[in-house]
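[1] below are the sequence and a predicted model; questions follow.
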Amino acid sequence: TITASSQGAARDETLEMGIANEARRQEGERQKVLAAEEVQRAEQAFEKAIADRAANEAKRKDEQKKALAAKEAKRKADERQKALAAEEAKQAEVARLKAEAD
């Protein structure tokens, strides 16, 4: 009976060890899944940051182009205005000279 009792205790201990090992294995698997999910979230965040940066850069360049185009349009308008003023001054001078000649 002592042998049967010790065999039963050994069997219980073996069973408990098996259960504990299985619990550790399952916990290890759960940790692997959690780690993989965390890596995936980090990769997605990184990809989003890259996409956001590219979008911001494109927006900045577009705004730069628009500002340059506006500046160029203003410069051309100023040149036209100066040319018109010069032409008007020239015509006024010609009219004055004609009036003096008459």
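    Received, thanks. Numbering: from 1, shown residues only.
[2] residue closest to the middle of the chain?
    In the chain, the residue lying closest to the centroid (CA atoms, centre = their mean) is Asp52, at 1.5 Å.
[3] Ala54 and Gln64, how far apart?
    For Ala54, the distance to Gln64 (CB to CB, to the nearest Å) stands at 15 Å. C-beta here means a position set from N, CA and C on the backbone, and glycine is covered the same way.
[4] hang on, the earlier thing: okay, and the residue nearest to the centre of the chain sits in which element?
    helix 2-101 (DSSP states H and E).
[5] how far does that helix sit from the chain's center?
    Chain-centre distance of helix 2-101: 0 Å, with CA atoms, centre = their mean, to the nearest Å.
[6] where's Asn56 relative to Asp102, distance?
    Note on Asn56: its distance to Asp102, by CB to CB, is 69 Å.
[7] who's more crowded, those two?
    Ranked by neighbour count (other CB atoms under 10 Å), Asn56 and Asp102 place Asn56 first, with 10 against 5.
[8] ok, Glu22 - contacts?
    The contact partners of Glu22, by CB atoms under 8 Å, 6 or more residues apart in numbering, come to none.
[9] I meant Gln44, not that one.
    So Gln44 contacts nothing (CB under 8 Å, 6+ apart).
[10] per-residue confidence at it?
    Looking at Gln44, its pLDDT reads 98.
[11] how about Ala54?
    98.
[12] and it, how far is that from Lys61?
    Ala54 is 11 Å from Lys61, by CB to CB.
[13] then Ala95?
    Ala95 is 51 Å from Lys61, by CB to CB.
[14] now do Glu87
    39 Å.
[15] over to Gln7?
    Distance from Gln7 to Lys61, by CB to CB: 80 Å.
[16] any residues touching stretch 24-43, and which ones?
    Contacts of stretch 24-43 (CB under 8 Å, 6+ apart): none.
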